[in-house]
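> Compute the structure for the input listed below.
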Amino acid sequence: MPAHRVAKTFPCCIFPAVRLLCVLSALFPALLPWTSALEAQVLPPAAALPADAFQRSVRHAGVIFDGTVTAIQCEFGKGKVPLSYRISFQVKQGVRGVRSASTYTIREWAGLWAPRQPPRYHIGERALLFLYPPSRSGLTSTVGGRSGKLAVVADAVHGTTQVSLPLDWIVSLGQPPPAASLQSARNSASAKPSPTRVPVAWLIQRITQAPAPSGGE
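From the prediction side, this is the model:
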């Protein structure tokens, strides 16, 4: 092939590839958050999770109950600086340290309520709480951070009340007995139960069967 024809053909071949590389270079940074989000959704293998997470939470909790938030009040110090938050609950079922059908109020250090983050509680929210025994100043918090506050939801399809479990608790607890699954299947054959949700009554039964907290903890 004559040299002048090679010179004319070469730019025509190389320019589309260059344009493609430029497009990929521009898109790649935008894809990073998407790929990171996908990686975050990948569940770790069961062997990598602590096998006693549920038992440790029960052992360290001084107060355990299923309740609904009825009031939230911020307590201020000098200069109107938030010091703590008072959160009141209507207790549906007390498991440890509180009676059923009572009103119970906890106090949390305001530092746990990070600015520009969603509130730790909101009125009307229902949760199964695992709380440390109150300190001398009356402050407490959920055992294990977010793991100590389990969302309670009403399952209208199955007519039950369920609680969402932390992933590492499933290693300790397993799944409810087959009878619960069979009942769900009878109520709705097309429904697919979530592997991280279990009946509240079943979880409370497991809590009461767990070893009581020792005096040294």
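> What ranges in the protein fall below the confidence cut-off?
1-51, 156-158, 175, 177-195, 212-217 (pLDDT under 70).
> Leu173 and Thr196: what is the separation?
11 Å (CB to CB, to the nearest Å). No exception for glycine: its C-beta is placed from N, CA and C like everyone else's.
> Who has more neighbours out of the two?
Leu173 (16 against 13; other CB atoms under 10 Å).
> re the thing from before, so for Leu173 and Thr196, which residues contact both of them?
Leu165 (CB atoms under 8 Å, 6 or more residues apart in numbering).
> just the helices in this structure please.
In the chain, the helices defined using DSSP state H lie at 3-41, 53-60, 167-173, 178-187, 200-209.
> Can you pull out the residues in contact with the last one?
Read that as helix 200-209. Residues contacting helix 200-209 (CB under 8 Å, 6+ apart): 54, 58, 64, 66, 93, 95-96, 128, 152, 161-163, 165, 173, 176-177, 180.
> Please repeat the previous calculation with a cut-off of 7 Å.
58, 64, 66, 93, 95, 128, 152, 161-163, 173, 176, 180 (CB atoms under 7 Å, 6 or more residues apart in numbering).
> Just to be sure, which of these are found in strands?
Ile64, Asp66, Gln93, Val95, Leu128, Val152, Thr161, Gln162, Val163 (DSSP state E).
> What's the PyMOL line that selects buried ones from these?
Of the ones in strands among the contacts of helix 200-209, the buried ones can be selected in PyMOL as follows, counting by 16 or more other CB atoms under 10 Å:
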select buried, resi 64+66+93+95+128+152+161+162+163
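> Can you say which two of the ones in strands among the contacts of helix 200-209 are spatially most distant?
Maximum pairwise distance among the ones in strands among the contacts of helix 200-209 (CB to CB): 17.2 Å, between Ile64 and Gln162.
> returning to that earlier point: how about the contacts of helix 200-209 in a markdown table, adding distance to Lys78?
A markdown table is the format used below for the contacts of helix 200-209 (distance: CB to CB, whole Å):
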| residue | distance to Lys78 |
| --- | --- |
| Val58 | 39 |
| Ile64 | 35 |
| Asp66 | 37 |
| Gln93 | 40 |
| Val95 | 38 |
| Leu128 | 36 |
| Val152 | 38 |
| Thr161 | 44 |
| Gln162 | 45 |
| Val163 | 40 |
| Leu173 | 46 |
| Pro176 | 51 |
| Ala180 | 53 |
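> Name the nearest of those relative to Pro119.
The closest of these, once distances to Pro119 are taken by CB to CB, is Val152, at 17.5 Å.
> ok, that closest one - contacts?
Asp66, Arg126, Ala127, Leu128, Thr161, Val163, Val200.
> what's the distance between the last one and Pro115?
In this structure, Val200 and Pro115 are 33 Å apart, going by CB to CB.
> Kindly report the same for the fourth one.
Distance of Leu128 to Pro115, computed by CB to CB: 27 Å.
> Likewise for the second one?
In this structure, Arg126 and Pro115 are separated by 26 Å, where distance is defined by CB to CB.
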